[in-house]
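Engineer: Here is a sequence together with a model predicted from it:
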Amino acid sequence: MKNKAALYLVPVPISGAPVSDTIPAGNIELVLSLRHFIVENVRTARRYLKHLDPGFPIADCTFAVLDRHTRPEEIGEMLRPLREGIPMGVMSEAGCPAVADPGSHPVEIAQREGLKVVPLVGPSSILMALMGSGFNGQGFAFHGYLPIEAADRRKALKRLESESASRQMTQMFIETPYRNNRMVALLAEALNPSTMMCVACDITDPDREEIVALKAADWKKRKYDYDKRPAIFLIYAGAKGGDARRYEKK
């Protein structure tokens, strides 16, 4: 299979589910035809490619590392094969590259230089959490990590809750997995009792996936254990269930 010269954004599974459950076969075929990659971690990228095809020619590939240690001036050079008409792939460690991910940097450069960019279909924990929450999918924001200091974190939560109420917006964020339970407890205590909060955990895992949306007051009474599990947190203080007006065409 011969691909057009483009920067292909390669999603990677986010759970232990079979790859065929979350990555389309056509995309797997396309990825296996690439030989130049920009990746977060070479070892996990190589392992994933070998998982897709044990006979994949790893020795014929080049891997440029893009992580938090990469200097901005190095990123442009990574796109040299693409400028020469050779297709490339961008791969994060899990999920969709360029979404809450350093992969957005080479995409920005490619767009600025008029190079073709092709996002491939695959699992996005952010979008899947939003889909499963029942919260407003017309207006939402992902904020990454909240502040670490307790006072700053509480202040940020109240600000996000207020913005959610005033703008009918779903607010989304993550936490270091070993602190997930503490985050749930803080949300249940700090938010207005009627504010909706959702925990989306182990998304796409056939045995462990949980997406639970309840009022903050109900989370105080609920038993849970999300520590050391990948999770996304959502809050929504806008109009409550059945408000079809938020989906009306403007």
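Structural biologist: Great, that's in hand.
Engineer: can you list contacts of the longest helix along the chain?
Structural biologist: Of all the elements of type helix in the chain, the one with the most residues (DSSP state H) is helix 150-167. Around helix 150-167, the neighbours that count as contacts under Cβ atoms under 8 Å, 6 or more residues apart in numbering are 139, 143, 146-147, 169-171, 173, 186-187, 190-192, 195, 235-238. For glycine as for every other residue, the C-beta is placed from the backbone atoms N, C-alpha and C.
Engineer: pLDDT score assigned to the residue of the chain positioned farthest from its centre?
Structural biologist: Going by Cα atoms, centre = their mean, the residue of the chain most distant from its centre is residue 84, 30.4 Å out. Model confidence at residue 84, expressed as pLDDT, equals 96.
Engineer: Now it, what are its backbone angles?
Structural biologist: Per-residue torsions, residue 84: phi -90, psi 10 (degrees, to the nearest 10).
Engineer: residue boundaries of the helices in this protein?
Structural biologist: With DSSP H as the criterion, the chain has helices spanning 19-22, 25-32, 42-52, 72-78, 80-83, 104-112, 125-133, 150-167, 180-190, 216-219.
Engineer: and the second one, which residues are buried?
Structural biologist: When neighbours are counted by 16 or more other Cβ atoms under 10 Å, the buried residues of helix 25-32 are found to be 28, 30, 31.
Engineer: Would you reformat those residues as TSV and include distance to residue 6 and pLDDT?
Structural biologist: Below are the buried residues of helix 25-32 laid out as TSV (distance: Cβ to Cβ, whole Å; pLDDT from 0 to 100):
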residue	distance to residue 6	pLDDT
28	17	95
30	10	95
31	13	96
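Engineer: Show me which of those residues is closest to residue 208.
Structural biologist: Ranking the buried residues of helix 25-32 by separation from residue 208, with Cβ to Cβ as the measure, puts residue 28 on top at 24.0 Å.
Engineer: Pull the contacting residues for the closest one.
Structural biologist: With contact taken as Cβ under 8 Å, 6+ apart, residue 28 is in contact with 19, 52.
Engineer: repeat that for 10 Å
Structural biologist: By Cβ atoms under 10 Å, 6 or more residues apart in numbering, the contact set of residue 28 is 10, 19, 20, 52, 53, 120.
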